[in-house]
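# Mind folding the following:
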Amino acid sequence: MTATLEIPDKLYQRVEAKTQALGRKITDVTAELYERWVAEDTSPPAADGAQEWLDAWVAMGGEACKDLPPGPTARELIQQDRQRLEAR
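Alright, predicted model coming up:
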């Protein structure tokens, strides 16, 4: 099937550069991402499963952030600012 999608230019350029660097096709990566998304369990958590739900979201956040460049986190920057202000 063929589909037309509107993707922001800068995002598409980044995707294109990464797929070329990895020797992959954009269509293959797109299909893989759709497969992953469809396979996700999107059922709402049970009221008594709040901790498991939170753990899953924290794990997803960790996965999403694994390729970030090194440096202080937002939490560390805020803590540094607090310490700086308290030192006055």
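# could you measure A39 against T2, distance?
Separation of A39 from T2 (Cβ to Cβ, to the nearest Å) stands at 23 Å. (C-beta placed from N, C-alpha, C; glycine too.)
# again, but for T30
T30 is 12 Å from T2, by Cβ to Cβ.
# quick one: which of A39 and T2 has more around it?
Of the pair A39 and T2, A39 is the one with more neighbours under other Cβ atoms under 10 Å, namely 8 against 4.
# While we're on the more buried one, how confident is the model there?
Per-residue confidence (pLDDT) for A39: 90.
# Kindly report the same for L54.
87.
# Can you tell me the centre-most residue of this structure?
A64 (3.2 Å; Cα atoms, centre = their mean).
# ok, now which ones touch that one?
For A64, the contact set (Cβ atoms under 8 Å, 6 or more residues apart in numbering) is empty.
# so how far is W57 from it?
For A64 relative to W57 (Cβ to Cβ), the value is 10 Å.
# same check, this time on D67
For D67, the distance to W57 - Cβ to Cβ - is 19 Å.
# which of the two has more neighbours?
Legend: neighbour count by other Cβ under 10 Å for D67 and W57, higher for W57 (11 against 6).
# Give the next helix or strand downstream of the strand or helix carrying that one.
Remark: W57 resides in helix 50-64, with elements defined by DSSP states H and E. Next helix or strand after helix 50-64 toward the C-terminus (DSSP H and E): helix 74-86.
# Can you give the distance of the helix holding W57 from its chain's centre?
Relative to its parent chain, helix 50-64 has a centroid offset of 12 Å by Cα atoms, centre = their mean, to the nearest Å.
# Then stretch 58-75?
On Cα atoms, centre = their mean, the centre of stretch 58-75 falls 9 Å from the chain's centre.
# end-to-end on it?
15 Å (Cα to Cα, to the nearest Å).
# for that stretch, what is the average pLDDT?
Rounded mean pLDDT across stretch 58-75 is 84.
# going forward can the numbers begin at 16, since that is how I track them
Sure, I'll start counting at 16 from here, so that last one is stretch 73-90.
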